[in-house]
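Q: Structure of the sequence below:
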Amino acid sequence: MNLEVHKPQQKVVLYPRNMICSCCFVVIRQLLEKEGAKILNIKPGEVEIMFNPLEHNREYYTELLSAHGFEPIFSRERQIVEKIKLAVIELIHKAGNVNSMIRNSDYLVERLGLSYAYLTNLFSRHEHITLEKFIILHKIEKVKELIEYDEYTLSEIAVQLGYSSVQYLSAQFRQVTGISVTEYKKGGYSRMPVDLIGDQSLTEQPGKEQ
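A: Numbering: from 1, shown residues only. This is a model prediction of the structure:
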């Protein structure tokens, strides 16, 4: 008579950085499952897994993800900062016209359950830019994307992203990129990958392609 052998199981929660899109979820799931982990729950910035502790440990899976660009976040404050980034990305890049109907501050407060003053102070302590600047950089990259799609007028883009006027959008675009919207429309400029937006060394130049 064959008796089923019950393997020991351990549950842990990992907090990988840069979980910004559905493709990241797929990659992380494949990496962990290939190494014997069972995914119990996965959401932006957080993965709960179960595995056999006789085969691997938490550090093993942490290093596995880190080696593929998903570095771990250990402190609570850093986890909150990562959640702020993910919330900004969700609102600006994935929520469509919702951004024109809700203030950024209200959205972040609702999503994270913390005061906006606390979130802005925390973000500034851990990042090299303010939360306001981070949001602006993402909005400008979204403007670039919508311009390239060529499906909306500049007025429609301004409304979609919550700008009070085309003039305000155009002025902020030039301030951030160093070029005008008209010049960008002529082509030859590259956009910034979403996960790199906010890196000062990469956002100071307009990104002219060679």
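Q: Apart from its neighbours in sequence, what residue is nearest Phe123?
A: Closest residue to Phe123 apart from its sequence neighbours, by C-beta to C-beta, 6 or more residues apart in numbering: Leu131 at 4.1 Å. To be clear about C-beta, it is placed using only N, CA and C from the backbone, and glycine gets the same treatment.
Q: Might one say that the one you found is in contact with Leu119?
A: Yes: contact criterion C-beta atoms under 8 Å: Leu131 and Leu119 qualify, at 6.5 Å.
Q: okay, and the common contacts of those two?
A: Common neighbours of Leu131 and Leu119 are listed as Ile84 (criterion: C-beta atoms under 8 Å, 6 or more residues apart in numbering).
Q: Against His138, how distant is Asn18?
A: The gap separating Asn18 from His138 is 15 Å, by C-beta to C-beta, to the nearest Å.
Q: buried sites along the longest helix that the chain contains?
A: Scanning the chain for the helix with the most residues, using DSSP state H, yields helix 131-149. Neighbour counts over helix 131-149 (16 or more other C-beta atoms under 10 Å) mark 131, 133-144, 146-147 as buried.
Q: Now do the same for it: mean pLDDT, whole number.
A: For helix 131-149, the mean per-residue pLDDT is 95.
Q: in this protein, which spans are strands?
A: Secondary structure of the chain, counting by DSSP state E: strands at 10-14, 38-43, 46-51.
Q: which one of these lies closest to Ser66?
A: strand 10-14 (10.1 Å; C-beta to C-beta).
Q: And for the nearest residue to His126 once chain neighbours are set aside, the neighbour number?
A: Once flanking residues are discounted, His126 sits nearest to Val81: 4.8 Å by C-beta to C-beta, 6+ apart. By the measure other C-beta atoms under 10 Å, the count of residues near Val81 is 22.
Q: Where do the domain boundaries of the chain fall?
A: 10-66, 76-203 (automatic domain parsing).
Q: got the end-to-end distance for the first one?
A: If I follow you right, that is domain 10-66. End-to-end distance for domain 10-66: 20 Å, by C-alpha to C-alpha, to the nearest Å.
Q: And it, how far out from the chain middle?
A: On the basis of C-alpha atoms, centre = their mean, to the nearest Å, domain 10-66 sits 18 Å off its chain's mean C-alpha point.
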